[in-house]
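[1] sequence plus predicted model, see below.
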Amino acid sequence: MKPTFRQNGLVSFSILATVMSSGFVRAPAGQRSVAVAQTTGAADVAQRIERVENGLLPPAVLKGVPPVKMKLADRMRFYKTPGVSIAVINDGRIEWARGYGLLEAGGKEPVTPETLFQAASNSKSLTAMVVLRLIEQGKLDLDSDVNKRLVSWKVPENEFTKDQKVTVRRLLAHTAGVSIPGFLGYSVDQPLPSLRQILDGEKPANSNPIRVELKPGTKFLYSGGGYVILRQLMMDVTGKSFPELMQKMLLERLGMTHSTFQQPLSPALASNAAAGHLPNGKEMEGKWFVLPELAPDGLWTTPTDLARLLLEVQKARLGKSNKILSTKSINQMLTPEIDNVALGWLVDGRDDSARFSFGGSNVGYKSRMLAYMNSGRGVVVMTNGENGAELTTEILRSVAAEYGWPDFHPRERVVVKVDPAIYDSYVGEYEIAPGFILFVTREGDKLFSRAKPIPTPPSMADQPKSEMFPESETTFFVKDADATFTFVRNDKGQVIQVNMQRTTRLFPAKKIK
């Protein structure tokens, strides 16, 4: 059966509102499994875990009103996300890892710290690490035309590549002008395309050809397709399959024993993998999609294993380790190329706030990994629900509050008094993207928003609406997402658009009804 659900990068605003070692012991079997360090401070760690579990925070709070702390179990039910796995890094080590909930809705098998999740685009950071290692070994060059090293396939030349070429640096930083932001995946009973078929968009591939559609080096254009080109390049210069290459050059070296780029999963590994779930909480048919592209999206892993990766980057940057890359290469990797986009990582903040991160979004799975550059702190959260992105951020805020991080605290908002009569002019439908509509409605003296695709899949039909609070006569915010909405009028005073600001991204939405 062909896949029938696509996220398109946007969700309703209730959702938009987007190390284990021998020193650890497991709790008795149950719906949750625990890993806690066997140290003199184990009781303190257990208390910190409990506070994190009971201290989830919203993105916005009203000025003067203390934030209402939420329980993880309650938020999992709210987001219809059956399973969550968390690993927390503190003082340069993995302080604790814990699994919550179930491998699949209605099942009995609990999520444990060893449960596998799809890492989705977090795969890109691992791919980038190995690319930089191949550069250190002299097998690749950061700034040469990749066609000089590609053997099995070449990037088709066109009018965009006459003066500027596709390079490894540009592919890693999404500035190569290459198409295909992401890939849907394939049902477990579908035939899988070869790498060449993915590159050229030939059946049974369900994606378009990967081509240069913008002059390389001119602007940011997020491209999973670019990482597929990197996969072919890595294979051509080493003569090894991509899963073997990643296993030998990274996973084994970091002790990431619960990670693999094998797609599809072997039966043995599949038995310990969390099933993906749609927005309505129902398990995906076949449990998950298969991602044969591998380099941009194919990793199965655990938060503990990803935390090992984060720790290695932190240590290598400080000259305390070189299991994968030298300090020079790590610092190059963490230097932004455009905006906050570095070579396989996103880099934000300065001084104590300087940090590197990435996130993952495959259908049915949402995750995030983040670590600070100048301190041994970080977190990895993985979920098996399509609504897991905002849940992940709520967990991140709780960890940040508990561990005294300088970032990720709820934004304080001020509500002003507005004549509710003005709300009538805002009521209507706004097109955020083709086929994706923001519905604004009035109920008494309150304004509400809900975003959904049209036609609406049954899996998204029951998404709740969000109340919009006024910051001014034209600008509103919601408490369940880091988002503001500014209504725009024409010279006749008619509302023609709403500008939705979601963190650093602006989504202009024209009023269509």
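    Cool, got the structure. Just so we're clear, the structure is a prediction, and the values are computed from it rather than from any experiment. Residues are numbered from 1 along each chain as shown.
[2] what about stretch 481-500, start to end distance?
    End-to-end distance for stretch 481-500: 11 Å, by C-alpha to C-alpha, to the nearest Å.
[3] would you map the helices across the stretch 51-200 of the chain?
    Taking DSSP state H, counting those that start in this stretch as the criterion, the stretch 51-200 of the chain carries its helices at 72-78, 123-136, 168-172, 195-200.
[4] residue 381 is nearest to which of those?
    helix 72-78 (10.6 Å; C-beta to C-beta). From N, CA and C alone the C-beta is placed, and that goes for glycine too.
[5] any low-confidence regions in this protein?
    Within the chain, the stretches with pLDDT under 70 are 1-40, 456-463, 503-504.
[6] thinking again about what came up before, among the helices of the stretch 51-200 of the chain, which comes closest to residue 259?
    helix 123-136 (8.4 Å).
[7] residue 51 is in contact with residue 403, isn't it?
    No - using C-beta atoms under 8 Å, residue 51 is not in contact with residue 403; the gap is 10.0 Å.
[8] more crowded one of these two?
    residue 403 (18 against 15; other C-beta atoms under 10 Å).
[9] thought the more buried one was touching residue 90?
    Yes - between residue 403 and residue 90 there is a contact under C-beta under 8 Å: 6.1 Å.
[10] give me the common contacts of those two.
    residue 377 (C-beta atoms under 8 Å, 6 or more residues apart in numbering).
[11] measure stretch 276-283 end to end?
    6 Å.
[12] same question for stretch 452-470.
    First-to-last distance for stretch 452-470 - C-alpha to C-alpha - comes to 22 Å.
[13] same check on stretch 129-143?
    16 Å.
[14] for that stretch, buried residues please.
    129-135, 140 (16 or more other C-beta atoms under 10 Å).
[15] closest one of those residues to residue 435?
    Once C-beta to C-beta is applied, the member of the buried residues of stretch 129-143 that ends up nearest residue 435 is residue 131, at 35.5 Å.
[16] so the closest one sits against residue 227, correct?
    No - if you go by C-beta under 8 Å, residue 131 and residue 227 don't touch, sitting 9.3 Å apart.
[17] hang on, residue 476 in a strand?
    Yes - counting by DSSP: H, G, I helix; E, B strand; the rest coil, residue 476 falls inside a strand.
[18] how many residues are close by it?
    24.
[19] now do the same contact list for it.
    Counting by C-beta under 8 Å, 6+ apart, residue 476 has contacts 447, 468-470, 484-487.
[20] which of the helices or strands spans the closest residue to it other than its chain neighbours?
    Closest residue to residue 476 apart from its sequence neighbours, by C-beta to C-beta, 6 or more residues apart in numbering: residue 468 at 4.0 Å. Per DSSP states H and E: residue 468 is located in strand 466-470.
[21] between the buried residues of stretch 129-143, which is closest to residue 187?
    residue 130 (29.0 Å).
[22] the closest one contacts residue 244, correct?
    No - in this structure residue 130 lies outside contact range of residue 244 using C-beta under 8 Å: 11.3 Å.
[23] for the strand holding residue 468, name the packing helices and strands.
    strand 446-453, strand 475-477 (3 or more C-beta pairs under 8 Å, 6 or more residues apart in numbering; DSSP states H and E).
[24] start to end distance for stretch 455-469?
    28 Å.
[25] likewise for stretch 285-301?
    21 Å.
[26] that stretch: how far from the chain's middle?
    Averaging C-alpha positions (C-alpha atoms, centre = their mean, to the nearest Å) puts stretch 285-301 14 Å from its chain's average.
[27] give the contact list for residue 413.
    60-63, 469, 471, 477, 479.
[28] can you pick out the most distant pair from the residues you listed?
    Within the contacts of residue 413, two members stand farthest from each other by C-beta to C-beta: 61 and 471, at 13.5 Å.
[29] for the stretch 101-250 of the chain, what spans make up the strands?
    117-118 (DSSP state E, counting those that start in this stretch).
[30] which residues touch the residue nearest to residue 476?
    With C-beta under 8 Å, 6+ apart, residue 468 has these contacts: 440, 446-449, 476-478, 485.
[31] now with 7 Å, please.
    447-449, 476, 478, 485 (C-beta atoms under 7 Å, 6 or more residues apart in numbering).
[32] would you point out the most distant pair within the residues you listed?
    The farthest-apart pair in the contacts of residue 468, when distances are taken by C-beta to C-beta, is 448 and 485, at 11.4 Å.
[33] between those two, who's got more neighbours?
    residue 485 (25 against 18).
[34] what's the closest non-adjacent residue to the more buried one?
    residue 476 (4.8 Å).
[35] which of the helices and strands packed on strand 466-470 sits closest to residue 464?
    That would be strand 446-453 among those, by C-beta to C-beta, at 7.5 Å.
[36] helices or strands up against that closest one?
    Judged by 3 or more C-beta pairs under 7 Å, 6 or more residues apart in numbering; DSSP states H and E, the packing partners of strand 446-453 are helix 13-16, strand 436-443, strand 466-470.
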